[in-house]
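Enquirer: Here's a sequence, model it:
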Amino acid sequence: MQQHETTAVEFNQVSFFYPDEETESPGDPANVFTDLTVRVPAGMTALIGENGIGKSTFLLLAGARLMPMSGSVQLFGRDTREFADAPMDPSLEESRNMLVSFIYQNMEFEADETTGELLEAVHAMGTLDKQDDAFLQELVDVLELHEARGKRLQELSKGQLQRAIIAFSLLYGSRVVMMDEPVFALEEPQKERVFEYLLAYCRTTETSIMYSAHNLELSKKYSDHTILFRKDTVPLVGPTSEVCTRDNIEHAYQAPMDTLYRRDNLYRQMLLSSTQTS
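Expert: Numbers count the residues shown, from 1 in each chain. Sure, this is the predicted structure:
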């Protein structure tokens, strides 16, 4: 089922800024949202735009991990301020996580349990049918986690860890999953398989996924909708085929497409510089 008519996320006159030392790109005014009003349909949505323009901040606001200074953020009709105290209230945090889970860029974990044990535990804690072991096995197969199941998280390569985190997010069964650079450590064929599966999953369930990935081709190919962030104006939101035109992208990035592909590759290499690929 495609979910093109339902609104997943709505920003209403949202303003937000960080103290200078906490910005995605310190001193860059593009990190400030001022009276931002946008509506994002349900389904699979890619966020694209220049570095430091606010994609991560947008995901954090949409995912109820940050609260706006003014205005409101609605997530499937619920004001995210309902979850403002979630970090201090375990029951409220659980309620928030059932609505929306979040994959942060470059997440790291340590645990005594094996990855396989944690996959089973997350499945048991979440909202999905606890007897549906077939879905767990499907994720292990699609995300190539057979070898990882017997290892602890801190023993996994970066690519294995990213695939395990994606599995955790789907097994928990949140209605929305926010993903910030979730696959940068994966090889290109793995990225294709993962995003092909995620797009099909969104289209056949009630789950919505919003993600950023420094890979324009991947974002264009595996999304129903795209949010294109642009300097000094509101993001452009719409069906991917309409938003991701050459003119729109080159205008937003103020660079020709060939240059943008090289930039994407350089940024991914920077993210990988201190990690091990798988």
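Enquirer: The stretch 51-200 of the chain: strands as residue ranges?
Expert: Secondary structure of the stretch 51-200 of the chain (DSSP state E, counting those that start in this stretch): strands at 70-75, 78-79, 100-103, 176-180.
Enquirer: Tabulate the ones you listed (CSV), appending distance to residue 153.
Expert: To be clear about C-beta, it is placed using only N, CA and C from the backbone, and glycine gets the same treatment. Shown next, in CSV, are the strands of the stretch 51-200 of the chain (distance: least, CB to CB, whole Å):
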stretch, distance to residue 153
strand 70-75, 28
strand 78-79, 31
strand 100-103, 14
strand 176-180, 18
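Enquirer: Thought residue 83 was touching residue 95, still the case?
Expert: Yes. Using CB atoms under 8 Å, residue 95 is in contact with residue 83, at 7.3 Å.
Enquirer: Mind checking which of these two has more residues around it?
Expert: When residue 95 is set against residue 83 and neighbours are counted by other CB atoms under 10 Å, the residue ahead is residue 83, at 22 against 14.
Enquirer: Hmm, the more buried one is touching residue 62, no?
Expert: No. Using CB under 8 Å, residue 83 is not in contact with residue 62; the gap is 12.0 Å.
Enquirer: For residue 65, see how far away residue 118 is.
Expert: Going from residue 118 to residue 65 by CB to CB, to the nearest Å gives 22 Å.
Enquirer: what about residue 36, which SS state?
Expert: strand (DSSP: H, G, I helix; E, B strand; the rest coil).
Enquirer: tell me the contacts of the closest residue to it other than its chain neighbours?
Expert: Excluding the flanking residues, the one nearest residue 36 by CB to CB, 6 or more residues apart in numbering is residue 14, at 4.6 Å. Neighbouring residues of residue 14 by CB atoms under 8 Å, 6 or more residues apart in numbering: 33, 35, 36, 37, 61, 68, 70, 71, 72, 73.
Enquirer: So what's the residue count around the last one?
Expert: Here the count is done by other CB under 10 Å, and residue 73 has 23 residues near it.
Enquirer: Next, the contact list for it, please.
Expert: Contact partners of residue 73, counting by CB under 8 Å, 6+ apart, are 9, 10, 11, 12, 14, 61, 62, 64, 67, 79, 80.
Enquirer: mind listing what's buried in the host helix or strand of the third one?
Expert: Assigning secondary structure by DSSP states H and E places residue 11 in strand 7-16. Buried residues in strand 7-16, counting neighbours by 16 or more other CB atoms under 10 Å, are found at 8, 9, 10, 11, 12, 14, 16.
Enquirer: quick one: low-confidence ranges for the chain?
Expert: By pLDDT under 70, the low-scoring segments of the chain are 1-5, 20-31, 130-131, 261-278.
Enquirer: residue ranges of the helices in it, please?
Expert: All helices of the chain, identified by DSSP state H, fall at 55-62, 90-99, 115-125, 133-142, 158-172, 188-204, 216-221, 240-243, 246-253, 257-272.
Enquirer: Distance to residue 179 added to those, as CSV?
Expert: Listed next are the helices of the chain as CSV, based on distance: least, CB to CB, whole Å:
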stretch, distance to residue 179
helix 55-62, 8
helix 90-99, 15
helix 115-125, 16
helix 133-142, 15
helix 158-172, 8
helix 188-204, 9
helix 216-221, 12
helix 240-243, 16
helix 246-253, 21
helix 257-272, 14
